[in-house]
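Chemist: Pasting the sequence and the predicted model now:
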Amino acid sequence: MKQEEKTKITYEKILNAAIKEFGTNSYENASLNTICSENHIAKGLLYHNFKNKDDLYLQCVKICFHALVEYLHNVPFSEENITDSFKNLIQQRQLFFEQNPYYGNIFFYASLLPPAHLQNELLQIRHEFDEFCVVHYSKLVKSIKLKNGITEETAVQYFILFQEMFNGYFQKKLQEHGNFHSVIQHHEMNLSQMFDIILYGIASETEAL
């Protein structure tokens, strides 16, 4: 086996082990020692491939967000029935997390309990996901008759604002109660309802959603 192949295998082995560790624990509780000991990885090899814990964590988050966006890009989206297609995207997102629980935990930890010193890097990583959301918010508001005085641009901003407020509410819940899986389950159960509320708030009374 060529050295390049060995290096690639080692790199992927470390990443897979790290995704499991960061997908099980928060950034603070995840341990490089656990990654190495449970997967028979020499610590020297880990540091040869990644600068430190931050570098390894950010690579895992990047993989998670990219995989989610790629998955959602492949979800059929009907321009003839955008509202139902948008709601289907939400359901497919939840299905993705059910099928990929480590990615789901990494996503929610990074979104709701991000390490304070890595917030700028995490914002850059999630840019692809945020742009995907904005594109589909725009498609949605273009498909409905808006209330007087609400422009398409304003409606999209409402979606973004409510999304941030929604996440902020659950972020506070996590800080108060600390039961991560219970809070996240509640978050996902209420996500579709939250978007329904926004839709009825921006749509004209004569618009049938």
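Modeler: Received it, and whenever you're ready, just let me know what you need. Remember, predicted model here, so these are calculated numbers, not experimental data. Residues are numbered from 1 along each chain as shown.

Chemist: What ranges in the protein fall below the confidence cut-off?
Modeler: Applying pLDDT under 70 to the chain picks out residues 177-178, 205-209.

Chemist: Show me where it has its helices.
Modeler: Here the chain has its helices, by DSSP state H, at 3-22, 32-38, 43-49, 53-73, 82-99, 101-112, 119-125, 127-142, 152-177, 180-202.

Chemist: Tell me which of the ones you listed sits most buried.
Modeler: Scoring these by mean neighbour count under mean count of other Cβ atoms under 10 Å gives helix 101-112 as the most buried, with a mean of 21. Placement of C-beta: from N, CA and C, glycine included.

Chemist: contacting residues for the residue lying farthest from the centre of the chain?
Modeler: What lies farthest from the middle of the chain is Met1; by Cα atoms, centre = their mean that is 36.9 Å. Residues in contact with Met1 (Cβ atoms under 8 Å, 6 or more residues apart in numbering): none are found.

Chemist: Kindly provide the distance from the most centrally placed residue in the chain to Gly23.
Modeler: In the chain, the centroid-proximal residue (Cα atoms, centre = their mean) is Phe107; its distance is 4.1 Å. Using Cβ to Cβ, to the nearest Å, we find Phe107 at a distance of 9 Å from Gly23.

Chemist: Gly201 versus Tyr102, what's the distance?
Modeler: On the measure of Cβ to Cβ, Tyr102 and Gly201 end up 35 Å apart.

Chemist: Show the contacting residues for the residue nearest to the centre of the chain.
Modeler: If you count contacts by Cβ under 8 Å, 6+ apart, then Phe107 has Cys64, Phe65, Leu68, Phe97 around it.

Chemist: any idea how far Glu5 is from the residue nearest to Glu28 when sequence neighbours are not counted?
Modeler: Nearest non-adjacent residue to Glu28, counting by Cβ to Cβ, 6 or more residues apart in numbering: Pro115, 7.2 Å away. As for Pro115, its distance to Glu5 is 33 Å (criterion: Cβ to Cβ).

Chemist: of all the contacts of Phe107, which two lie farthest apart?
Modeler: Greatest spacing in these, by Cβ to Cβ: Phe65 and Phe97 (12.3 Å).
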